[in-house]
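Novice: please work out how this folds:
(one chain, ligands or ions: 1)
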Amino acid sequence: MADSNDTVTIATGEGAPGTTLLGIGAYRPRRVVSNEEICEKIDSTTEWIYERSGILNRRIAEPDETVIMMASEAAQKAVDSAGIDPELIDAVIVCTSTYECMTPHAAPKVAMNIGRNGISAFDISAGCAGFGYGLAVATNVIRGGGAKHVLVVGVERMSDGIDFEDRNTAFIFGDGAGAVIVGPSESNDVSPVVWGSDGKQADAIKQTKNWREFMDEAADAAAVQPYLVMDGSKVFRWAAVQVAKVCAQTLETSGVTAEQIQAFIPHQANGRINSAMAKHLGLPDTVAIANDIEQTGNTSAASIPLAMETMLREGQAKPGNIALLIGFGAGLSYAGQVVRLPQNPPID
Ligand code: UT7
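Specialist: Now for the predicted structure:
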């Protein structure tokens, strides 16, 4: 073994002092599926679904609207909205739990599709908190000197894993993709993340079986694919009580008060959870609360960037507004951040 060499100095990264959101883009699948259509397969009503969840419509992807396709479309729009030379993008993070393939991961193909083949590219799986995890990694990589401009995409094809005859889940989920470009900044527009998980309650949102169990059954013609199941009221209680506290911690960590928040963009899981959280935080009535769930359903890791894009496009929030983001779901995982919304609006 060689002698140790205490004279060697390993360089630390030369990162940016802060980070900022430069652009945003979205992809919404073509097919709009109404509550009426969902109720053709379950014993429910449009009114019950709207009252309990806040959902009227959701988008369901068609076969060509794959995870890679939706992610790449949203990513390209984010690049266009950022108005930067695409050559500056040097990392891609795809946040998803529904990519069809375990190997290879999705991000390298998304990088290729936006003309940046060869840059670092990887996926993050943290359920509905995935986008917050991706944003946290991106900001820390930029501050640590590992990259300068990072594309973060939240994308899901939830419909692939939903049993549309299960009335506990059929009406909730939807498909789509949202993306942001995170870049370096002298000031700082993205707070440190407040994140965590609870493995003890991880079974509250799960697959009916894992892929190994499915493969063991696959020789049987009656084998049924794994579906997503959820203990809705357990997750509801956890979100409305525990995650609401995480929102308060996020404000504290960011040094921003409830009065300074202009937009609240929680994961779009349930309109009633969002109202409960806003009340818990004592957000002033002037704060715009994202309600993308009404027309988009719950798109898991895609829901926060999709909701952000809707608010900016429809004028409920303005570029540069201060926003509180909170992702929560499977795991049970969560991630909260305070951000300044992108200065550049989305491009249609
Ligand atoms: O994105 C990941 C994180 N996910 C979440 O945060 C989801 C959190 N949970 C929820 O959003 C809500 O729990 C749901 C929207 C899923 C369900 O709403 P709920 O108010 O919690 O309903 P529940 O499960 O407590 O059920 C209430 C009643 C039950 O009937 P009884 O026992 O009171 O007679 C259910 O059988 O509603 C019944 N029910 C339905 N009725 C009509 C359950 N599903 C349906 C349905 N249509 N689709």
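
Novice: confirm G154 sits in a strand?
Specialist: Yes: the assignment for G154, made by DSSP: H, G, I helix; E, B strand; the rest coil, places it in a strand.

Novice: and it, what pLDDT?
Specialist: Taken from the predicted model, the pLDDT recorded for G154 is 98.

Novice: what is it paired to in the beta sheet?
Specialist: Bridge pairing for G154 (DSSP bridges) gives the partners C95, G178.

Novice: that one against G130, yeah?
Specialist: Yes: with contacts defined as C-beta atoms under 8 Å, G154 counts as touching G130 at a distance of 6.0 Å. Bear in mind the C-beta positions are built from the backbone N, C-alpha and C, glycine included.

Novice: now do the shared contacts for these two.
Specialist: When contacts are counted by C-beta atoms under 8 Å, 6 or more residues apart in numbering, G154 and G130 are jointly contacted by 95-96, 300-301.

Novice: ok, which pair from these is furthest apart?
Specialist: Checking the shared contacts of G154 and G130 against each other with C-beta to C-beta, the farthest-apart pair comes out as C95 and S300, at 9.0 Å.

Novice: which residues are in contact with each of these two?
Specialist: Going by C-beta under 8 Å, 6+ apart, residues that sit against C95 and also against S300 are 130, 154.

Novice: OK, contacts around the residue of the stretch 101-250 of the chain found nearest the ligand?
Specialist: Of all residues in the stretch 101-250 of the chain, G232 sits closest to the ligand, at 2.8 Å by C-beta to the nearest ligand atom. The contact partners of G232, taken as C-beta under 8 Å, 6+ apart, are N168.

Novice: could you number the chain from 22 rather than 1 from now on?
Specialist: Understood, numbering begins at 22; the last thing we discussed is G253.

Novice: which bits of the stretch 172-321 of the chain sit near the ligand?
Specialist: The stretch 172-321 of the chain has residues 188-189, 192-193, 226, 253-254, 256-257, 260, 290-291, 294, 319, 321 near the ligand, with proximity defined as C-beta under 6 Å from any ligand atom.

Novice: need the residue closest to the centroid of this protein.
Specialist: The geometric centre of the chain, computed from its C-alpha atoms, lies nearest to A322 (C-alpha atoms, centre = their mean), at 2.8 Å.

Novice: residues touching that one, list them.
Specialist: The neighbourhood of A322, defined by C-beta under 8 Å, 6+ apart, consists of 116-118, 147-152, 155, 175-177, 348.

Novice: tell me the secondary structure at it.
Specialist: Applying three-state DSSP to A322 yields a three-state assignment of helix.

Novice: contacts only, for the closest residue to it other than its chain neighbours.
Specialist: With C-beta to C-beta, 6 or more residues apart in numbering as the criterion, A322 has its nearest non-adjacent residue at 3.2 Å, and that residue is G151. G151 is in contact with 116-118, 145, 175, 321-322, 348, counting by C-beta under 8 Å, 6+ apart.

Novice: out of those residues, which one sits closest to V215?
Specialist: Each of the contacts of G151 was checked against V215 using C-beta to C-beta; the closest is G348, at 10.9 Å.

Novice: that closest one is in what secondary structure piece?
Specialist: Using DSSP states H and E, G348 falls within strand 343-350.
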